[in-house]
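In: need coordinates for the below:
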Amino acid sequence: MVVIDGGLSTALELLGADVSGSLWTAQTVVDNPAILERAHRSFVEAGSQIIATASYQCGQSQFESCGLTPAQSRQALLDTTLIARRAVAGTNTLVAASIGPFGACLADGSEYTGRYDVEWSEVEDYHRHKLNILVDSGADLIAVETIPLADEARLIAEILQECGSPPAWFSFGFADSAVTYGGNTVSQAVASVVDYDNLVGVGINCTRPDYVEGLLLAMGQLAPTTAFVVYPNHGREWDAMGRCWIGSGESIPSTAELTRWVQLGAKFIGGCCGVGPDEIAELARRSRPLD
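Out: A predicted model of the protein is given here:
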């Protein structure tokens, strides 16, 4: 089992960073790269063997909309990887360049619906431009995350193939144990990416923990030789209007749940929104008997 990090926004908030703006965690690339490096490092010190960059929410144009020049914006996107690389210096921890869905850059919660209200060509242009920068940024792999639509995952896979097929995992956000946030079945999600040439894994993230076992069972039947990636959120619900999580939930799986996930094929396990360094440290401790 490989331990991956938790919610970068959670780690940043614990350090006092304001991630409420449209750039979300990427705002710290511009305002306070030192605190971003500290947040990454907190997960490394907790035992994460892979950390994800602060590039989930934005591409170059989102940095430009905040007042940076095109050259500065391109560099800011590259810096998401460079800052993460500084945080893992002297360790064996890998860096994954985070690629969120198109809805993430809209900062309106639409990654949880898959309804973007734009021409598909705009979605394609966004991903192609962003990937052309991040594929050569020095990351060890690409983490395609919280994708609500099988068609969007397939599009990203095709663009990555054009970029030389770097190692990548593809992780979907699921509304329940049967369908993605965009309404696709588990079968449609898995089929959209399982034939990618350099597939690290297929998975589940920013999804309630209680849905994980059922999703892994379904994925295992569809792709029994594929490694699975699992990093659920804390089990609460996202209020897009209030821009906050509501309700109650659990941060990390129990030892019994973790054992079951591994038995069902989960190789990469971590956390998403609401899961901080302390929880990842406990997850790493619970994982040791499973190694």
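In: from here on, contacts and neighbour counts on C-alpha atoms
Out: Will do.
In: quick one: contacts for the residue lying closest to E64 once chain neighbours are set aside?
Out: Nearest residue to E64 in three dimensions, chain neighbours excluded: S73, at 5.8 Å (Cα to Cα, 6 or more residues apart in numbering). Going by Cα atoms under 8 Å, 6 or more residues apart in numbering, S73 touches Q60, S61, F63, E64.
In: return the closest of those with respect to K130.
Out: Of all the contacts of S73, Q60 has the smallest distance to K130: 6.9 Å, by Cα to Cα.
In: mind naming the longest helix for this structure?
Out: helix 70-87 (DSSP state H).
In: in this protein, which spans are helices?
Out: Under DSSP H, the chain gives helices at 8-14, 27-31, 33-46, 60-65, 70-87, 102-106, 120-134, 150-162, 186-193, 212-222, 255-263, 277-287.
In: for the last one, list the C-alpha coordinates in PDB.
Out: The C-alpha coordinates for helix 277-287 follow below in PDB (Å, rounded to 0.1, in the frame of the first residue of the first chain):
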ATOM      1  CA  PRO A 277      -1.600  15.800   8.100                       C
ATOM      2  CA  ASP A 278      -2.600  14.300  11.500                       C
ATOM      3  CA  GLU A 279      -5.100  12.000   9.900                       C
ATOM      4  CA  ILE A 280      -2.600  11.000   7.200                       C
ATOM      5  CA  ALA A 281       0.000  10.200   9.900                       C
ATOM      6  CA  GLU A 282      -2.600   7.900  11.600                       C
ATOM      7  CA  LEU A 283      -3.400   6.400   8.200                       C
ATOM      8  CA  ALA A 284       0.300   5.700   7.700                       C
ATOM      9  CA  ARG A 285       0.500   4.100  11.100                       C
ATOM     10  CA  ARG A 286      -2.500   1.800  10.400                       C
ATOM     11  CA  SER A 287      -1.100   0.900   7.000                       C
END
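In: may I see the buried residues of that helix?
Out: Across helix 277-287, burial judged by 16 or more other Cα atoms under 10 Å covers P277, D278, E279, I280, A281, L283, A284, R286, S287.
In: for that helix, what does the pLDDT average out to?
Out: Average pLDDT, helix 277-287: 94.
In: can you start the count at 204 instead of 1 from here on
Out: Okay, using 204 as the starting number, the last item reads as helix 480-490.
In: from the chain's centre, how far out does that helix sit?
Out: 18 Å (Cα atoms, centre = their mean, to the nearest Å).
In: contacts for it, please.
Out: Contact partners of helix 480-490, identified using Cα under 8 Å, 6+ apart, comprise 204, 206, 208-209, 214, 245-246, 249-251, 454-456, 458, 461, 473-474.
In: so where's the stretch 354-494 of the chain uncertain?
Out: Within the stretch 354-494 of the chain, the ranges that satisfy pLDDT under 70 run 438-454, 494.
In: wait, which of the helices of the chain is closest to S380?
Out: Nearest to S380, of all the helices of the chain, is helix 415-425, at 5.5 Å by Cα to Cα.
In: now do the closest one against helix 458-466, angle only.
Out: Interaxial angle, helix 415-425 versus helix 458-466 (axes from the mean of the first three to the mean of the last three Cα atoms, to 10 degrees): 10 degrees.
In: which other helices and strands contact helix 415-425?
Out: Under the contact criterion of 3 or more Cα pairs under 8 Å, 6 or more residues apart in numbering; DSSP states H and E, helix 415-425 touches helix 389-396, helix 458-466.
In: the last one vs helix 480-490, what angle?
Out: For the pair helix 458-466 and helix 480-490, the angle between their directions (the same axes, to 10 degrees) equals 70 degrees.
In: what sits up against helix 458-466?
Out: Residues outside helix 458-466 that contact it (Cα under 8 Å, 6+ apart) are M204, V415, E416, L419, R489, S490, L493.
In: center of the chain, which residue is that?
Out: In the chain, the residue lying closest to the centroid (Cα atoms, centre = their mean) is E348, at 3.8 Å.
In: quick one: it and F375 touch, right?
Out: Yes - the criterion here is Cα atoms under 8 Å, and E348 meets it with F375 at 6.2 Å.
In: overlap in contacts of these two?
Out: Shared contacts of E348 and F375, defined by Cα under 8 Å, 6+ apart, comprise N408.
In: average pLDDT for the longest helix of the chain?
Out: Averaging pLDDT along helix 273-290 yields 97.
In: from T228, how far out is the nearest residue to C261 once chain neighbours are set aside?
Out: Once flanking residues are discounted, C261 sits nearest to C308: 5.0 Å by Cα to Cα, 6+ apart. C308 sits at a distance of 12 Å from T228 (criterion: Cα to Cα, to the nearest Å).
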